Structure formats: structure tokens, C-alpha cells
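In: Got a predicted structure plus its sequence, pasted below:
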Amino acid sequence: MRATSGGRGPPLVLVDAPEDLPPAAAEVRAGGWIVRDGLDLPERTWDVGGLRLVCAATVRTAADAGAAVVAAARGAGLVVAVADQALRERLFADLEHVGAVTLRHRRRDPLATLDPEQRRLLELLAGGYTLEQAGQALGYSRRTVTRRLAAIRATLGVRTTAEALSYLRQKLE
């Protein structure tokens, strides 16, 4: 599945979760589009492209995906959340026939991916414990503390323990 962006047609945006809809819809709205909830369009004309409409909805079923494709074919833009990966891939493939599709994947906070022991080690160090003190508090050897810190740094995408601690402090503020 490749993501494309740009193009002259209406925006076709797929997001991972319903909570990602409001910010994506706000961005589209800021671009001058009229965002409406749901996939229903005015019945009067087939081509709604001149109305600058964008449908914002959560796609949960194949029928919802079909309604989204019809809305896009009629000229409406889309901002839709599709949590099911297989359904998202099918919808993406169908929408590519209509126009340029943008995928917006949720960015998970790396701190949320740390296991509880890694998180506790980082919190102890942020609280002023030395490596030895933190290791004793957790029942780790110095080598285990060092290995765990290397894993934490890799997960957070930082080079040093000081950067990891700074990252934790920023997130806690």
C-alpha cells in the first residue's frame, strides 16, 4: 500500500482511529473545504465536486466502505477512520481509482511502548537514583541496568540516557 498526496481533486484522507478524525477534519476545513459528518450526500445531483464537500465518518463495515467510495466517485472529499487494517487496505485500493489518497497513521508515544520495568527504571533515574541504586531497587545487576537502558534509548530514539530522561521529563510536564 503506497501513500500519495497532493493532486487537484478533493482530499481523500484515511486515518487509523475515530479519535484521529477531528484533527484531520480541522486541517481539511482550514483548506477551505466544507466538512460534514457522515457519508450521506445531497440527492439532487450526482456530481457534488463543485460544492467542496468533505464527508467525515468512521468506516466499520464493507457497506460503509462502499458508501465512502460512492461519495468520492460523486466528487466529495473524504476524511474517514478505518481501524480494521484489511478493510483500510481495500478502501485505499478502491479510492486510488478515484484520486490521490493520503494515509495518516497514528503516532504512538514511544513511552507507552516501554514495559513497566523499563518505565520504572527510567522514573527512578529521573528521580535522582544512580545506576547502582536503581539496579538495587529493581533487583538488577549493573549489566542488566545497562542493557535495559540501551533498549529504552532505542525505543525512544535517543542516543544518551540524559536524552531519555529529558524526553521523560518533557512528557510529564
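Out: Structure received.

In: So for stretch 160-173, mean pLDDT?
Out: If you average the pLDDT over stretch 160-173, you get 86.

In: I'd like to know how far the nearest residue to Ala62 once chain neighbours are set aside sits from Arg60.
Out: Nearest residue to Ala62 in three dimensions, chain neighbours excluded: Leu87, at 7.0 Å (C-beta to C-beta, 6 or more residues apart in numbering). All C-beta spots, glycine's among them, are computed from the backbone N, C-alpha and C. Remark: distance between Leu87 and Arg60 (C-beta to C-beta, to the nearest Å) = 8 Å.

In: And for the helix or strand containing Lys171, what's in contact with it?
Out: Lys171 is part of helix 161-172, with elements assigned from DSSP states H and E. With contact meaning C-beta atoms under 8 Å, 6 or more residues apart in numbering, helix 161-172 is reached by Asp109, Pro110, Leu111, Leu122, Glu123, Leu125, Ala126, Leu149, Ile152, Arg153, Leu156, Val158.

In: What is the nearest of those to Ala30?
Out: Nearest to Ala30 out of the contacts of helix 161-172 is Asp109 (C-beta to C-beta; 25.0 Å).

In: how close does the closest one get to Pro42?
Out: 41 Å.

In: Give me the residues contacting whichever strand or helix holds Leu125.
Out: Per DSSP H and E: Leu125 is located in helix 116-126. For helix 116-126, the external contacting residues (C-beta under 8 Å, 6+ apart) are 111, 114, 131, 133-134, 137-138, 140, 145, 148-149, 151-152, 155, 161, 164-165, 168-169.
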